[in-house]
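Chemist: Give me the fold of what follows.
(one chain, ligands or ions: 3)
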Amino acid sequence: MSAQIWIVFLLTLGCTGLCQLPLPVNLNISSHNLVHLLTWDPPSGDPAGLQYRVQVYSLSDGTCMPLPRCERVVTPLLCNLTEALSNLQESYFLYVWAFMGNQSSKPAITEEFIPMDHSYLDPLCIRVRLWGGGALRGSQPTL
Ligand SMILES: *[C@@H]1O[C@H](CO)[C@@H](O)[C@H](O)[C@H]1NC(C)=O
Ligand SMILES: *[C@@H]1O[C@H](CO)[C@@H](O)[C@H](O)[C@H]1NC(C)=O
Ligand SMILES: *[C@@H]1O[C@H](CO)[C@@H](O)[C@H](O)[C@H]1NC(C)=O
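Modeler: Ligands and ions are numbered 1, 2, ... in the order given. Next up is the predicted model:
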């Protein structure tokens, strides 16, 4: 199933609250040497008192996991994903909800993020990456 179909499917599942608040915007994962930081901006209008919750969806597991350290983000609007995105070849999507009391927004969702492909690596890390990629490819089952 394509990623787009999954996203639509998850959007309908992901909204458990009342879905009244506006979505957070400008989601951005910056990734340097496999340290991944997710940032975002408040929705326009910026209603005071908003908090944010982040969850990570793993495509191959089909699971959406809360990030314990990013359950009630107030300021700065940042979630450190480094430990959560531990599988370098996995496709991850990050979900960010704005909430206030018992009201919630729909989730804003990042583009697909694959740590190995999307992390900016310094030259030493690139050597490790190339070596690791070859070894991993060799170990995959042939069809
Ligand atoms: C994402 O964040 C990085 C680092 O802060 C910045 O350099 C980049 O321009 C941002 N990208 C977008 C699309 O906002
Ligand atoms: C993010 O987490 C990683 C690993 O725990 C740590 O090395 C890094 O300094 C953290 N970065 C920020 C900005 O919190
Ligand atoms: C949401 O909270 C408000 C007050 O905090 C309460 O009056 C209202 O009934 C709650 N709504 C739901 C659907 O729980």
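Chemist: which residues of the chain score low on pLDDT?
Modeler: Low-confidence segments of the chain (pLDDT under 70): 1-19, 46, 124-143.
Chemist: Next one: the closest residue in space to Cys64 that isn't next to it in sequence from Asn33, what distance?
Modeler: Counting by Cβ to Cβ, 6 or more residues apart in numbering, the nearest residue to Cys64 once its immediate chain neighbours are dropped is Tyr57, at 4.7 Å. For glycine as for every other residue, the C-beta is placed from the backbone atoms N, C-alpha and C. Remark: distance between Tyr57 and Asn33 (Cβ to Cβ, to the nearest Å) = 24 Å.
Chemist: more crowded one of those two?
Modeler: Between Tyr57 and Asn33, Tyr57 has the larger neighbour count (other Cβ atoms under 10 Å), namely 21 against 12.
Chemist: got the contact list for that one?
Modeler: Neighbouring residues of Tyr57 by Cβ atoms under 8 Å, 6 or more residues apart in numbering: Leu10, Thr63, Cys64, Met65, Tyr92, Phe93, Leu94, Tyr95.
Chemist: for the one helix or strand it maps to, which positions count as buried?
Modeler: Assignment of secondary structure by DSSP states H and E places Tyr57 within strand 51-58. For strand 51-58, the neighbour count (16 or more other Cβ atoms under 10 Å) marks Tyr52, Arg53, Val54, Gln55, Val56, Tyr57, Ser58 as buried.
Chemist: can you pull up the bridge partners for the last one?
Modeler: Following DSSP bridges, Ser58 is listed with bridge partners Thr63, Tyr92.
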